[in-house]
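K.L.:
Sharing a model that was predicted from the sequence below.
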Amino acid sequence: METVAIPTHMLPADGRFGSGPSKVRQAQADMVAALGGTVLGTSHRQPAVRSLVGRVREGVAELFGLPEGYEVVLGNGGSTAVWDAAAFCLVRERAQHAAFGEFGGKFASATDRAPFLAPSDIRRAEPGGLAVCTEADGVDLYAHPHNETSTGVVSPVRRIGGTDALTVVDATSIAGACAIDLAETDVYYFAPQKVFAADGGLWVAVCSPTALERIAELTASRWVPDVLNLQLAVENSRKDQTLNTPAVATLVMLAEQLDWLNERGGLSWAAARSRESAKILYTWAEASDVAAPFVGEPAWRSPVVGTVDLDERVDAAAVAAQLRANGVVDTEPYRKLGRNQLRVGMFPAVDPEDVRALTVCVDYLVERLA
């Protein structure tokens, strides 16, 4: 492939637009280096690392404004570990799922295949559409993604079902960049490699008193592997530690990002910054002759993961490859979606002006590749 050189003055100041792992700010990397001699390679049961876990828990509580009785729980693994843990520790008999992309579908599959649970009630929508949960008899847990990373569809968050039903929301790609009333959820969980610009290997969940009671009930009466036992995660989190050794560098980057967000105005500031980026991207796509938002309904378009289809006259893979050759990276679509598409991460660490520059670069390349 012959590289089409994009003029330097057109390029974003920072060309990282990944939808996860996402752009890591230099200050986060610097903090890992600065703390290397004090926390890296030390026991996670001792004060240095435990204070770091405590800082993360306090930062999450400040950012989201926890309702009374809610707790911040940490565990080893990513969001995929939560799906299996939820099957053991949160679903009493039957779950209902809204599946409108890859990740919501995977959680649905985890509970549906669990031999000790009834088959899951799965409400589906085609990629680019939105499915929602609705109250149904015999369901004791309702689950859906707040934001579907694979398609760029955002879902409203509201409590579903009666007082004995749990509302569980996968917020991996949007937590920290969208206003949320946690009282509308029982478990709001995420991994740190999106908004929080850290590495994987960790999950964080904000749990309601009702969810904590369900966890205690099921783990007392059902065999659960320790690594998926949410009660053990709760008990360790209350001590500001994790069940097994955590990825300490991830904790450092997560804590640093939480401080950065909270110092700048918290959730309202972060949400406004991502909305600004999203407005730039979608306005450009709607006005373009060769691009269009993949998600047709404006209210469903994600503020943090933008998906844009390109006209068949333009090879999106070639555009993404040329962008990468010019230092503008990770604009490829979700691999299993199979569309002629660009996908743009617009998390708070991404400067909206860099999103604007990206659209200029795409136009420049399209003129030369079409």
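P.N.:
Okay, I see it. Here the structure is a predicted model, which means the values were calculated and not measured. Numbers count the residues shown, from 1 in each chain.

K.L.:
where exactly do the helices run in the stretch 201-350 of the chain?
P.N.:
For the stretch 201-350 of the chain, the helices defined by DSSP state H, counting those that start in this stretch cover 209-221, 230-237, 248-263, 266-287, 316-325.

K.L.:
Which among those helices is found nearest to P192?
P.N.:
Evaluated with C-beta to C-beta, the helices of the stretch 201-350 of the chain place helix 248-263 nearest to P192, the distance being 4.5 Å. Bear in mind the C-beta positions are built from the backbone N, C-alpha and C, glycine included.

K.L.:
can you give me the angle that closest one makes with helix 266-287?
P.N.:
Inter-element angle recorded for helix 248-263 and helix 266-287: 90 degrees (by axes from the mean of the first three to the mean of the last three C-alpha atoms, to 10 degrees).

K.L.:
now what about helix 248-263, what contacts it?
P.N.:
Outside helix 248-263, the residues within contact range by C-beta atoms under 8 Å, 6 or more residues apart in numbering are 24-25, 27-29, 31-32, 35, 39-40, 42, 44, 49, 52-53, 55-56, 59-60, 62-63, 176, 192, 195-202, 267, 269-270, 348-349.

K.L.:
Of these, which belong to strands?
P.N.:
With strands taken from DSSP state E, the overlap with these comprises L202.

K.L.:
Show me the shaky parts of the protein.
P.N.:
Under the criterion of pLDDT under 70, none of the chain is flagged as low confidence.

K.L.:
Quick check: P127 vs N147, distance?
P.N.:
In this structure, P127 and N147 are separated by 14 Å, where distance is defined by C-beta to C-beta, to the nearest Å.

K.L.:
Oops, could you answer that again for P348 instead?
P.N.:
Note on P348: its distance to N147, by C-beta to C-beta, is 14 Å.

K.L.:
And for E276?
P.N.:
Noted for E276: a distance of 17 Å to N147, by C-beta to C-beta.

K.L.:
More neighbours: which of these two?
P.N.:
Under the criterion of other C-beta atoms under 10 Å, the comparison of E276 against N147 puts N147 first, with 27 against 17.

K.L.:
Could you verify my assumption that the more buried one touches C178?
P.N.:
Yes. Because the distance of 7.4 Å satisfies C-beta atoms under 8 Å, N147 is recorded as touching C178.

K.L.:
any residues in contact with both of those two?
P.N.:
With the criterion set as C-beta under 8 Å, 6+ apart, the overlap between the contacts of N147 and C178 is 154, 304.

K.L.:
shouldn't A179 be in contact with A270?
P.N.:
No. If you go by C-beta under 8 Å, A179 and A270 don't touch, sitting 9.5 Å apart.

K.L.:
Pick out whichever of these two has more residues nearby.
P.N.:
Neighbours of A179 and A270, each counted by other C-beta under 10 Å, are more numerous for A270; the result is 24 against 11.

K.L.:
any idea what sits nearest the more buried one, other than its immediate chain neighbours?
P.N.:
Counting by C-beta to C-beta, 6 or more residues apart in numbering, the nearest residue to A270 once its immediate chain neighbours are dropped is P348, at 4.2 Å.

K.L.:
count of residues packed around W223?
P.N.:
Other residues near W223 come to 8 when the count uses other C-beta under 10 Å.

K.L.:
no, scratch that, I was asking about V344
P.N.:
Under the neighbour criterion other C-beta under 10 Å, V344 is assigned a count of 26.

K.L.:
One more: the one 3 residues further on?
P.N.:
Burial of F347, expressed as a neighbour count using other C-beta under 10 Å, amounts to 27.

K.L.:
what residues are up against it?
P.N.:
Applying C-beta under 8 Å, 6+ apart, one finds that F347 lies in contact with 22-23, 177, 194-195, 197, 274, 304.

K.L.:
List just the nearest of the residues you listed to A86.
P.N.:
Distances from the contacts of F347 to A86 were compared by C-beta to C-beta; the smallest belongs to K194, at 19.4 Å.

K.L.:
By neighbour count, which of the contacts of F347 wins?
P.N.:
Comparing these on neighbour count, V304 comes out first with 32 neighbours (neighbours: other C-beta under 10 Å).

K.L.:
got the contact list for F107?
P.N.:
Applying C-beta under 8 Å, 6+ apart, we find F107 in contact with 83, 86, 97, 99, 143, 170.

K.L.:
one step back: rebuild the contacts of F347 as CSV, extending it with distance to R356.
P.N.:
Output for the contacts of F347, formatted as CSV (distance: C-beta to C-beta, whole Å):
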residue, distance to R356
S22, 18
K23, 16
A177, 18
K194, 21
V195, 20
A197, 21
S274, 14
V304, 17
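
K.L.:
Could you tell me which of these are located in helices?
P.N.:
Secondary structure from DSSP state H places S274 of those in helices.

K.L.:
Output the helices of the stretch 201-350 of the chain as JSON lines; include the columns distance to A5.
P.N.:
Output for those, formatted as JSON lines (distance: least, C-beta to C-beta, whole Å):
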{"stretch": "helix 209-221", "distance to A5": "53"}
{"stretch": "helix 230-237", "distance to A5": "50"}
{"stretch": "helix 248-263", "distance to A5": "33"}
{"stretch": "helix 266-287", "distance to A5": "22"}
{"stretch": "helix 316-325", "distance to A5": "9"}
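
K.L.:
For R16, which of those helices is the nearest?
P.N.:
Within the helices of the stretch 201-350 of the chain, the stretch nearest R16 is helix 316-325; the backing value is 11.0 Å (C-beta to C-beta).

K.L.:
ok, residues contacting the closest one?
P.N.:
1, 3-4, 6, 15, 309-310, 329, 331-333, 339-342, 358, 361-362, 365-366, 369.

K.L.:
what about T163, distance to H144?
P.N.:
19 Å.

K.L.:
quick one: which of these two has more around it?
P.N.:
Summary of the neighbour comparison: T163 and H144, criterion other C-beta under 10 Å, with H144 having more neighbours (26 against 6).
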